[in-house]
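Student: next comes the sequence, and after it the predicted model I'd like to discuss.
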Amino acid sequence: GNSVTQMEGPVTLSEEAFLTINCTYTATGYPSLFWYVQYPGEGLQLLLKATKADDKGSNKGFEATYRKETTSFHLEKGSVQVSDSAVYFCALRNTGKLIFGQGTTLQVKP
Amino acid sequence: GAGVSQSPRYKVAKRGQDVALRCDPISGHVSLFWYQQALGQGPEFLTYFQNEAQLDKSGLPSDRFFAERPEGSVSTLKIQRTQQEDSAVYLCASSPPQRVGTDTQYFGPGTRLTVL
């Protein structure tokens, strides 16, 4: 079946540090891959996506590359800010519905 | 423009009560999804509509859960005889027609249901 596994949090970083949040997936066929972010007190927002192998999604300084050979879609940012503190969800979409990982909490300290 | 809206934002129910949660999708979005998010977990799929047709209800946890979208716009998720394990945030999402060229789902703020 389809599933998504994310690294457990919380991840605590200092401002301007490099961020990686690991995400791997299991899927039949060729899913689209997504990162959603949930800021405190707000709803889920799409951060970035990739629809086929080797595509790179990017937004707000965040990047993730769709790696079919390693079934991964790791989220990276070169220099995090306090305002990036949030919960990040990796997800795949195969047959319409989204399948989410359990979420990774990022805390960025000044 | 207006995003996905949900009401009520918070609902407290006594065990055994029936509840109804409403979702107003983005205008023109034909696909509508319901998800359940337990505390500290990722959202889990419940059901999916395309216009008024319910195409997938495989995620509904029991026959106490029922969803409808009679006119292909507003949707209601109904939970009968609520149980404590139904306590969660219920999220609604909508996405535009495929011809628009994106399959992105846009989420509402959710309804937090607490069953006492």
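Tutor: Arrived safely, thanks for sending. Keep in mind the model is a prediction, meaning the values are calculated, not measured. Numbering: from 1, shown residues only, chains lettered A, B, ... in the order given.
Student: pLDDT below threshold where in chain B?
Tutor: For chain B, the stretches with pLDDT under 70 are B:1, B:99-102.
Student: tell me the contacts of the residue of it found nearest chain A?
Tutor: Nearest to chain A, among the residues of chain B, is B:Gly42, at 3.3 Å (Cβ to the nearest Cβ). The way it works is simple: take the backbone N, C-alpha and C, and place the C-beta from them, glycine included. With contact set as Cβ atoms under 8 Å, 6 or more residues apart in numbering or on different chains, B:Gly42 has these partners: A:4, A:89, A:91, A:100-103.
Student: and the closest residue in space to it that isn't next to it in sequence, what's its pLDDT?
Tutor: Residue nearest to B:Gly42 in three dimensions, not counting chain neighbours: A:Phe100, with 3.3 Å by Cβ to Cβ, 6 or more residues apart in numbering or on different chains. Looking at A:Phe100, its pLDDT stands at 96.
Student: isn't A:Tyr36 up against A:Tyr88?
Tutor: Yes: using Cβ atoms under 8 Å, A:Tyr36 makes contact with A:Tyr88 at a distance of 7.4 Å.
Student: so what sits against both of these two?
Tutor: Common contacts of A:Tyr36 and A:Tyr88 (Cβ under 8 Å, 6+ apart): A:Leu47.
Student: how about the residues of chain A near chain B?
Tutor: Residues of chain A lying close to chain B by Cβ under 8 Å from any Cβ of the partner chain are A:4, A:32, A:36, A:42-46, A:49, A:51, A:89, A:91, A:93, A:95-103.
Student: from these, which land in strands?
Tutor: Judged by DSSP state E, the residues of chain A next to chain B include A:4, A:32, A:36, A:44-46, A:49, A:89, A:91, A:93, A:98-100 as members of strands.
Student: give me the buried entries from those.
Tutor: A:4, A:32, A:36, A:44, A:46, A:49, A:89, A:91, A:93, A:98-100 (16 or more other Cβ atoms under 10 Å in any protein chain shown).
Student: near A:Thr65, how many other residues are there?
Tutor: A:Thr65: 17 surrounding residues under other Cβ atoms under 10 Å in any protein chain shown.
Student: wait, it sits on A:Ala50?
Tutor: Yes: at 7.1 Å, A:Thr65 and A:Ala50 qualify as touching, with contact defined as Cβ under 8 Å.
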